[in-house]
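**Student:** test case, fold it:
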Amino acid sequence: MFSIRERLELSAILLLVTAFLSSAALSGVAQADVGSVSKYRLNSGDLISVSVFGEDDMSVETRLTDAGTISYPFLGEIRVKGMTVGELQNYLIRKLKGDYFVDPKVSVAIKEYRKFFVSGEVKSPGGFSFEPGLTLEKAIALAGGFTQRASKENVVVTREVKGRLKERKMKLGEKVLPGDIINIKESFF
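**Tutor:** You can find the predicted model right below:
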């Protein structure tokens, strides 16, 4: 049996160890968040939400137009195509600060990414909602999988790069991006 004093000492030690482990875990999360800033560039078809803390009138959920713009209260039509979520957030803070708000707390989030498209030798070609982490293999699975005539080695993806469409062959494990057009070619064997 432990005395009361020994029990208190053990409790204090357990409390310190728990606090240390919790602190270490939280600092690891904080460091991971710093490195995970989104590099995703907004484009036509993305659905975003914008809100200003404490100002319900400033909350907007909108889809980027074909010109890559949104309409926002007080500011009118804004071209956001090519911006990251963080860049748009900072832009709105700068524009709202001063004339409209003293210290606006703006939050921007992507509610729905623009679609990607699968055509050619798949069972159900069409447009599909993008999700982060999507690979070419998963995209083809969403389109019902390969047909019997499909060439699994001859997959061509058309992607917009710096405002220009580029075609290239891709392997099944590579990442798909919103707006990609995936074409599964026919096998000749």
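
**Student:** show me the helices in this protein, by range?
**Tutor:** Taking DSSP state H as the criterion, the chain contains helices spanning 4-35, 85-96, 136-142.

**Student:** if the closest residue to Leu92 other than its chain neighbours is in a bridge, with which residues?
**Tutor:** The shortest distance from Leu92 to any non-neighbouring residue, by CB to CB, 6 or more residues apart in numbering, is to Val106 (4.7 Å). All C-beta spots, glycine's among them, are computed from the backbone N, C-alpha and C. Judged by DSSP bridges, the bridge partners of Val106 are Val52.

**Student:** where does this structure have low pLDDT?
**Tutor:** For the chain, the stretches flagged by pLDDT under 70 are 1-37, 189.

**Student:** ok, longest strand in this protein?
**Tutor:** strand 150-161 (DSSP state E).

**Student:** may I have that one exported as CSV, CA atoms only?
**Tutor:** Provided in CSV are the C-alpha atoms of strand 150-161 (Å, rounded to 0.1, in the frame of the first residue of the first chain):
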residue,chain,number,x,y,z
ALA,A,150,-9.7,0.4,-72.7
SER,A,151,-6.0,1.0,-72.8
LYS,A,152,-4.8,1.3,-69.2
GLU,A,153,-1.5,2.6,-70.4
ASN,A,154,-2.8,5.2,-72.8
VAL,A,155,-4.6,7.8,-70.5
VAL,A,156,-4.3,11.4,-71.6
VAL,A,157,-5.1,14.2,-69.3
THR,A,158,-5.8,17.8,-70.5
ARG,A,159,-5.0,20.4,-67.8
GLU,A,160,-5.0,24.1,-67.7
VAL,A,161,-1.4,25.3,-66.8
